[in-house]
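Participant: here you go, sequence then predicted model.
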Amino acid sequence: MGRKLRMGMIGGGTGSFIGDVHRKASSIDGMIDLVCGAFSSTAEKSIASGKALFLPEDRCYGSFEEMIHKEKELPADKRMDFVAIVTPNHMHFPPTKMALENGFHVICDKPVTLTLEEAKELIGIVEKSGKLFALTHNYTGYPMVKQAKAMIAKGDLGKIRKVQVQYLQGWLATAVEKTENKQASWRVDPKRSGIGGALGDIGTHAENLAEYITGLKIDELAADLGRFGEGRTLDDDGNLLLRFENGAKGTMSFSQIAAGEENGLAIRVYGEKGSVEWSQEEPNKLITRWVDKPKKIFTPDGNDLYSEAQTQRIPAGHPEGYLEAFATIYRNFATHLMDELNGIKTSNPDYPTVYDGLRGMQFIYASVESDKQNAKWTKI
């Protein structure tokens, strides 16, 4: 394919944290150009954001409906190839549905939808459209996460027995939603966030990471959710017991009121022969421990990595981090889409899909139901 992919964006206007992350991540590998957007719920702000990004005025749209309709009318060699949706949760489903039904591929922020019902409906829409859909569970993009997954898949650790995963933040330890913090205000609002607070925001990352690395589904859970912020109706803290489909046991702890914590996503997986340990705050180290040999630390620059983990872009000793992991999702999606446009069929592309999105929503709903029943064991 002799050109870059053309991306449109819905949401992510001036002042947006996640919109800026998506734009930077999508550009890192030089495979994607942002060509148009509907960046805000108000036309004036949307158009102003597009101009600030130096987009042509006629490609700065006042609404996502206008963008999808007008982009569809453009010649094939000019219109966007796919759209990135980076809105709050309540605005994931409507533009995703419209984009897919009008022939555009989609990459969307998580959780996939506001409700479980929407997620189930979206499965049918994606399958009927024949278009690609990627979900940005970006932490699966780290090389050492992929090394851990490959080691477990190849049987290096033996049968998995125990999983411990956590995601601890402290940014909601005070009532920042009562200030001018837009990121906090919508995340504590059930109308925009859904039935899960921290559960949907970061708990789903922990769930996805555990299932991605182990290759195992969580079969059932017992959830104890906390609401510590005064006046909050959504959870801001949670502790879960997990049972995996192979009989392995697990624990999950997530919080956004853990004072002093920054972005403490970490996982330990224990098998019959050994274990792996990985932390997002030190992402270039994968610690392995063994029953019958010394501890070993893998890094992205090692010559003993499995091919699945060889995704490093820069020379040895230069660390890659959050943006690069995010970019790996975009790169894998873009590679798959380029193959599709060239008539090449790809099996098992390595990025989260709509089915991972459904798993996340099922996890949220099962956790909330379990919590309502005093941490009763609940099937996902």
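Facilitator: Yes, it's here. Numbers count the residues shown, from 1 in each chain.

Participant: from residue 62, how far out is the spatially most central residue of the chain?
Facilitator: Closest to where the C-alpha atoms of the chain average out (CA atoms, centre = their mean) is residue 137, at 1.9 Å. Counting by CB to CB, to the nearest Å, the gap from residue 137 to residue 62 is 31 Å. Every residue, glycine included, has its C-beta placed from N, CA and C.

Participant: hey, where'd the helices end up in the stretch 251-380 of the chain?
Facilitator: Using DSSP state H, counting those that start in this stretch, the helices of the stretch 251-380 of the chain run over residues 322-341, 354-372.

Participant: ok, now the stretch 101-250 of the chain?
Facilitator: So, for the stretch 101-250 of the chain - with DSSP H, counting those that start in this stretch - the helices run 116-129, 143-153, 182-187, 190-193, 198, 204-214.

Participant: ok, which stretches of the stretch 51-200 of the chain are strands?
Facilitator: Per DSSP state E, counting those that start in this stretch, the stretch 51-200 of the chain carries strands over the ranges 82-85, 105-108, 133-135, 160-168.

Participant: with mean pLDDT, distance to residue 12 and mean neighbour count added, can I get those in JSON lines?
Facilitator: Converted to JSON lines, the strands of the stretch 51-200 of the chain look like this (pLDDT from 0 to 100; distance: least, CB to CB, whole Å; neighbours: other CB atoms under 10 Å):
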{"stretch": "strand 82-85", "mean pLDDT": "98", "distance to residue 12": "8", "mean neighbour count": "25"}
{"stretch": "strand 105-108", "mean pLDDT": "98", "distance to residue 12": "12", "mean neighbour count": "26"}
{"stretch": "strand 133-135", "mean pLDDT": "98", "distance to residue 12": "16", "mean neighbour count": "27"}
{"stretch": "strand 160-168", "mean pLDDT": "98", "distance to residue 12": "23", "mean neighbour count": "21"}
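
Participant: figure out which of those is closest to residue 199.
Facilitator: Counting by CB to CB, residue 199 lies closest to strand 160-168 out of the strands of the stretch 51-200 of the chain; the figure is 10.4 Å.

Participant: any chance you could list what contacts the closest one?
Facilitator: For strand 160-168, contacts defined as CB atoms under 8 Å, 6 or more residues apart in numbering pick out 152, 202-203, 205-206, 209-210, 214, 216, 242, 244, 246, 248-255, 258, 261, 264-272.

Participant: in its sheet, what does it sit against?
Facilitator: strand 249-255 (parallel), strand 264-271 (antiparallel) (DSSP bridges).

Participant: low pLDDT regions in the protein?
Facilitator: 1 (pLDDT under 70).

Participant: got the domain boundaries for it?
Facilitator: The chain breaks down into these domains under automatic domain parsing: 5-131, 142-313+358-379.

Participant: from the opening residue of the shortest one to its closing one, how far?
Facilitator: Using CA to CA, to the nearest Å, the end-to-end distance of domain 5-131 comes out at 15 Å.

Participant: could you shift the numbering so residue one becomes 28, and keep it that way?
Facilitator: That works, and once the first residue is 28, the last one we named lands at domain 32-158.

Participant: isn't the residue nearest to the centre of the chain up against residue 239?
Facilitator: Yes: if you go by CB atoms under 8 Å, residue 164 and residue 239 touch, sitting 7.5 Å apart.

Participant: identify the contacts common to those two.
Facilitator: residue 379.

Participant: not counting sequence-adjacent ones, nearest residue to residue 264?
Facilitator: Closest residue to residue 264 apart from its sequence neighbours, by CB to CB, 6 or more residues apart in numbering: residue 253 at 3.6 Å.

Participant: just to revisit the earlier point, show me what contacts the residue nearest to the centre of the chain?
Facilitator: Contacts of residue 164 by CB under 8 Å, 6+ apart are 137, 231-232, 235-236, 239, 356, 379, 383.

Participant: try it again at 10 Å.
Facilitator: The neighbourhood of residue 164, defined by CB atoms under 10 Å, 6 or more residues apart in numbering, consists of 136-139, 231-232, 234-236, 238-239, 356, 378-380, 383-384, 387.

Participant: same question, residue 335
Facilitator: 170, 172-178, 180-181, 377.

Participant: can you check residue 282 too?
Facilitator: 193-197, 199-200, 225, 229-230, 253, 255, 262-266, 288, 291.

Participant: just the buried residues of the residues you listed.
Facilitator: Neighbour-count burial (16 or more other CB atoms under 10 Å) applied to the contacts of residue 282 gives 193-197, 199-200, 225, 229-230, 253, 262-266, 288, 291.

Participant: once you drop chain neighbours, what's closest to whatever residue is furthest in space from the centre of the chain?
Facilitator: What lies farthest from the middle of the chain is residue 319; by CA atoms, centre = their mean that is 36.1 Å. Nearest residue to residue 319, sequence neighbours excluded (CB to CB, 6+ apart): residue 300, at 7.8 Å.

Participant: can you get me a residue count around the one you found?
Facilitator: 14 (other CB atoms under 10 Å).

Participant: again with residue 64
Facilitator: The burial count for residue 64: 30, using other CB under 10 Å.

Participant: right, and it touches residue 33 too?
Facilitator: No: taking contacts as CB atoms under 10 Å, residue 64 lies outside contact range of residue 33: 11.6 Å.

Participant: re earlier: out of the strands paired with strand 187-195, nearest to residue 74?
Facilitator: Of all the strands paired with strand 187-195, strand 291-298 comes closest under CB to CB, at 36.5 Å.
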